[in-house]
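Q: Quick one: sequence and predicted model below, then my questions.
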Amino acid sequence: MPTIVKRALGLAWVLPALALVGVFVYFPLAENLGFSTLKWDIYSGSQEFVGLENYRKLVDDPVFWRSLGNNVMYAVVSIAFQVCGALVLAALIEGIRSQRWQRILRSIYFIPCAISLTVAGLLFYFIYEPNLGPLNHLLDAVGLGDLSRSWLGEESTAMPAIIAMSQWQGFGYSTLLFAVAIQRIPAEIYHAAALDGTGPVRRFFHVTVPLVREMTGLMMMVTISGAFQVFNEVMVMTGGGPDNSSQVLGTWLYRSGFVRNDFGYAAAIATVIFVITLAIAVAQLWVANRRRVEW
Amino acid sequence: MRSRVLTTFAAIAGTSVLTLTGCTGGGTPAKAPAADAAAKPDYSGTLSILTKFAGEPLEPYFEKVAADYEKAHPGVKVELIQETDQSIKDKTKTLTASNALPDIYFTWTGNWAENFIRGGRAADLTDVIGPDTPWGKTFGKGSLSAFAYDGKYYGIPLYNNGKFMGYDKPAFDKAGVKVPTTFEELISSCAPLRKAGYEPIAFGNKDGWPALHYLQQLFAYNVPPATLQADLKPETAKLDDPGYVTALKQFKTLVTQCTDTGTGTNGVLYSSAQEAFAGGKAAMYYQEILEFDNATAKGKLDPADFGIFPLPVPQGAKGDPATLEGAPEGYLINAASPRVPLAVDFMKFATNQENAKTLSAPPYGQPSTVIGAVTTDTSSKAVFEGIEAVNNAPRLAAWLDTVTVPEVADAWLAGGEALITGGKTPEQVLESVRQASASAK
């Protein structure tokens, strides 16, 4: 079969998928960019072109900057727990000799991520509840009653409390993925390192960490992108309050559109989220590819 | 590398688009055709209705009305979309943005309804529900006029509502406290109630609007009515009356001295506060008439032990002491619906004397706006008392989160939360609202 025909056939196979992606991904993307240049009244349907006015408003909006800051905080903590912490935990679990215990521990850590974020958010809302929640009761019981507070009802603790819940929920998933990556490392490399007299800590830093670099890069990308798309847990637990202290870009987008009726501005926020996540993804991929280790 | 970047671009675009598409949708103007609401209905097809009655005990009400209507008109199928007080706000806006509003949909009064009317989304019902029409005469005039704009009538008021302090009579007796007649007496009653083992006032502000209900009533007491009315519209708002700061301070005092959670009440659900009162743990709970029967439904608080009084007026307040916070709630008919006469016919059925009495009676306890539906025979004593007070009030102050434009309402919402935690002073809260109002012009 001539090469040109082969290529044409190949293209024919991917055309339906391209059409679907075009209609359901790239068209809304372009349409959203268009919306971000409009002042749109959903009631009358009137749309007035305002150019970059919605983007200028972003710069002057303190809640937007607070939301962005919360997303960054979310990303930093998530990297610490769901990438660094999960890698350490996975290495510890894979270091256990008993395969039975390995399976049990993997399951224990994985269970929280089988719970939907909305359900987990509701569960933690009740844990944090100031009057009836077990967290304050526990603090009282161990003599730390002074630390009791309305975790989701105060500006200083609302966002950290939500982030803590998210780490609990997502930690097991990252651990499981790292465990799979570690299992792929040939045992001979660890044996050789052990024969050379390296201890478990050095083996972790000089064998495990370099050889799971690709997975680490992927997890970084997924974690950071996820941190900028966080929505459900914030909506369920605080709705972005009190006084917008726990707003993230996703909830501020929602609030701007569906509460404040400013859909053009909401589209501008959506564009910012897209640009941030895209930039992070490209950067991570570039770094991961440059530092790939083959064996 | 290049192909990987492209793949990643596609993947990220795919995930980001989940967020982005939240903002996409229709955009085509929905020009209201001049639907003849008074035309003879064609009893066929599916009639869709968006209600605010999801969950117990209200959900069965429209289910029964719909079933009875279908029985009377076998060619008609009624499709119910039942939402809660919170979820209906998002649902309605989503349906509006995508030009997919049902034939009949719920509305509050004030800016909420005005948006739909201004946008041509609500059918003009003057010919069928105007005050001089047979159907219109079945409603209280105040309820009808709450949905009137520029001399035209658009809404079908279903029930009336007002906000009162509900109290536990045995708790008051145990603490030796009498029903307060001034705001200052209310505050001073909190210490003896707490000493008697009760949380004086149950309060949960996780959703933000419970604080606004206190604030709107206190604004009505402290700010002259004409000023208050002008300040609701960004075009005329000045928001410089000292009564606002006074009211904000009064609210802060109430939260600090009369609730157990104090500065942490933003972390408590209003339903938790409702439960605390119904369960006998709290002596008072500021509530809507619609909640009265719910407070006594679980058996711990006997209906005979449940009393109500309006939020007491602060001494020397400069506003209108007779204003009561409340407003009817009702339904609009989609101007673009091909079944406007059928929708009118269904709503006539839903508001006939029999259904109006059913709605006003327990377990629903939603005081109908239909004249004669709320009596001591059909409704609980508290609901009857409440609705009498609403009907007799010379002026009603509608809910702050629906009466003004969304940007300003949102600023009040955030400000109320900040006031509770101490994150902002009353003056700072007012300034943030002033800024929101200025930018909404």
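A: Thanks, I have it. No experiment lies behind these values; they were computed from the predicted model shown.
Q: Which residue, other than its chain neighbours, is closest to the residue in the stretch 151-295 of chain A positioned nearest to chain B?
A: When Cβ to the nearest Cβ is the measure, the stretch 151-295 of chain A has its nearest residue to chain B at A:Gly153, with 2.6 Å between them. Glycine gets a C-beta too; all of them are placed from N, C-alpha and C. Using Cβ to Cβ, 6 or more residues apart in numbering or on different chains and skipping residues adjacent in sequence, the residue nearest A:Gly153 is B:Gly267, 2.6 Å away.
Q: Check whether that neighbour really touches B:Thr261, as I assumed.
A: Yes: the criterion here is Cβ atoms under 8 Å, and B:Gly267 meets it with B:Thr261 at 7.4 Å.
Q: Those two: who's more crowded?
A: Just comparing B:Gly267 and B:Thr261: by other Cβ atoms under 10 Å in any protein chain shown the higher neighbour count belongs to B:Gly267, 31 against 23.
Q: and the residue nearest in space to the middle of chain A, which of the three is it?
A: When Cα atoms, centre = their mean is applied to chain A, the residue found nearest the centroid is A:Gly226 (2.2 Å). Under the three-state scheme (DSSP: H, G, I helix; E, B strand; the rest coil), the conformation of A:Gly226 reads as helix.
Q: cool, B:Lys77 as well?
A: Following three-state DSSP, the label given to B:Lys77 is strand.
Q: who's in contact with it?
A: For B:Lys77, the contacting residues are B:45-47, B:70, by Cβ atoms under 8 Å, 6 or more residues apart in numbering or on different chains.
Q: pLDDT score for the residue nearest to the centre of chain A?
A: The per-residue pLDDT reported for A:Gly226 equals 91.
Q: distance of the residue nearest to it when sequence neighbours are not counted from B:Phe183?
A: Counting by Cβ to Cβ, 6+ apart, A:Ser78 is the residue found nearest to A:Gly226 once chain neighbours are left out, at 7.2 Å. The span separating A:Ser78 from B:Phe183 equals 48 Å under the rule Cβ to Cβ, to the nearest Å.
Q: So the two - more neighbours on which side?
A: Comparing A:Ser78 with B:Phe183 by other Cβ under 10 Å, the one with more neighbours is A:Ser78, at 25 against 21.
Q: Show residues contacting the helix or strand encompassing that one.
A: Remark: A:Ser78 resides in helix A:62-78, with elements defined by DSSP states H and E. Residues external to helix A:62-78 that are found in contact with it (Cβ under 8 Å, 6+ apart): A:58, A:159, A:163, A:166-167, A:170, A:223-224, A:226-228, A:230, A:244-249, A:251-252, A:269.
Q: Am I right that B:Phe62 is in contact with B:Glu79?
A: No: no contact is recorded between B:Phe62 and B:Glu79 when judged using Cβ under 8 Å, the distance being 11.0 Å.
Q: Pull up the overlap in contacts between these two.
A: With the criterion set as Cβ under 8 Å, 6+ apart, the overlap between the contacts of B:Phe62 and B:Glu79 is B:Ile49.
Q: neighbour-wise, which of those two wins?
A: Taking neighbours as other Cβ under 10 Å, B:Phe62 and B:Glu79 compare with B:Phe62 leading, 22 against 12.
Q: for B:Pro328, phi and psi?
A: Reported as degrees, to the nearest 10, the phi and psi values for B:Pro328 are phi -70, psi 160.
Q: Hmm, B:Ser143 and it touching each other?
A: Yes: under the contact definition of Cβ under 8 Å, B:Pro328 touches B:Ser143, with a separation of 4.4 Å.
Q: ok, B:Lys40 to A:Ala194 distance?
A: Taking Cβ to Cβ as the criterion, B:Lys40 is separated from A:Ala194 by 91 Å.
Q: Does B:Glu291 touch B:Ala273 like I think?
A: No: contact status for B:Glu291 versus B:Ala273: not in contact, 10.6 Å apart, counting by Cβ under 8 Å.
Q: And these two? Which one has more around it.
A: With neighbours defined as other Cβ under 10 Å, B:Glu291 and B:Ala273 compare such that B:Ala273 has more, 27 against 22.
Q: Let's see the pLDDT reported for the more buried one.
A: The predicted structure scores B:Ala273 at 95 on the pLDDT scale.
Q: Okay, it and B:Asp260: tell me how far apart.
A: 10 Å.
Q: picking that back up, and which of the contacts of B:Lys77 is nearest to chain A?
A: B:Leu47 (22.7 Å).
Q: any idea of the mean pLDDT in stretch B:324-335?
A: Across stretch B:324-335, the average pLDDT comes to 95.
Q: And it, end to end?
A: With Cα to Cα, to the nearest Å as the measure, stretch B:324-335 spans 32 Å from end to end.
Q: do it and chain A meet?
A: No: Stretch B:324-335 stays clear of chain A (Cβ under 8 Å from any Cβ of the partner chain), getting no nearer than 11.5 Å.
Q: and after the helix or strand harbouring B:Tyr221, which helix or strand comes next?
A: Secondary structure assigned from DSSP H and E places B:Tyr221 in helix B:209-222. With elements assigned by DSSP H and E, the helix or strand that comes after helix B:209-222 is helix B:225-232.
Q: all strands of the stretch 1-150 of chain B, in order?
A: Secondary structure of the stretch 1-150 of chain B (DSSP state E, counting those that start in this stretch): strands located at B:45-51, B:76-82, B:104-107, B:148-149.
Q: winner for burial among those?
A: Neighbour counts (mean count of other Cβ atoms under 10 Å in any protein chain shown) averaged over each of those peak at strand B:104-107, with a mean of 26.
Q: ok, it: who's next to it in the sheet?
A: According to DSSP bridges, strand B:104-107 has the following sheet partners: strand B:45-51 (parallel), strand B:329-333 (antiparallel).
Q: What helices and strands are in contact with the helix holding B:Tyr221?
A: The contact analysis (3 or more Cβ pairs under 8 Å, 6 or more residues apart in numbering or on different chains; DSSP states H and E) places helix B:209-222 against helix B:242-258, strand B:282-288, strand B:324-325, strand B:396-397, helix B:400-403, helix B:406-421.
Q: Kindly present these as TSV, with separate columns for mean neighbour count.
A: Shown next, in TSV, are these (neighbours: other Cβ atoms under 10 Å in any protein chain shown):
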stretch	mean neighbour count
helix B:242-258	20
strand B:282-288	25
strand B:324-325	26
strand B:396-397	23
helix B:400-403	24
helix B:406-421	26
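Q: Redo these as TSV? Include distance to A:Leu18.
A: Formatted as TSV, the entries for these read as follows, by distance: least, Cβ to Cβ, whole Å:
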stretch	distance to A:Leu18
helix B:242-258	58
strand B:282-288	54
strand B:324-325	57
strand B:396-397	57
helix B:400-403	46
helix B:406-421	40
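Q: B:Ser437 contacts B:Leu232, correct?
A: No: between B:Ser437 and B:Leu232 no contact is recorded; they are 9.2 Å apart, counting by Cβ under 8 Å.
Q: pLDDT weak spots in the chain?
A: Since no chain was named, I'll use chain A. Applying pLDDT under 70 to chain A picks out residues A:1, A:288, A:290-295.
Q: I was after chain B.
A: With pLDDT under 70 as the threshold, chain B has low-confidence stretches at B:1-34.
Q: Show me how it divides into domains.
A: According to the domain assignment given by automatic domain parsing, chain B is divided into the following structural domains: B:45-161+B:327-373, B:163-325+B:399-439.
Q: for the stretch 51-200 of chain A, what spans make up the helices?
A: Remark: helices assigned in the stretch 51-200 of chain A by DSSP state H, counting those that start in this stretch are A:53-60, A:62-78, A:86-95, A:99-110, A:117-128, A:134-141, A:155-183, A:187-195, A:200-203.
Q: Pull the last one out as PDB, backbone CA atoms only.
A: Below are the C-alpha coordinates for helix A:200-203, written out as PDB (Å, rounded to 0.1, in the frame of the first residue of the first chain):
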ATOM      1  CA  PRO A 200      18.200   2.600  53.200                       C
ATOM      2  CA  VAL A 201      18.200   6.500  53.200                       C
ATOM      3  CA  ARG A 202      21.000   6.700  50.600                       C
ATOM      4  CA  ARG A 203      19.300   4.000  48.500                       C
END
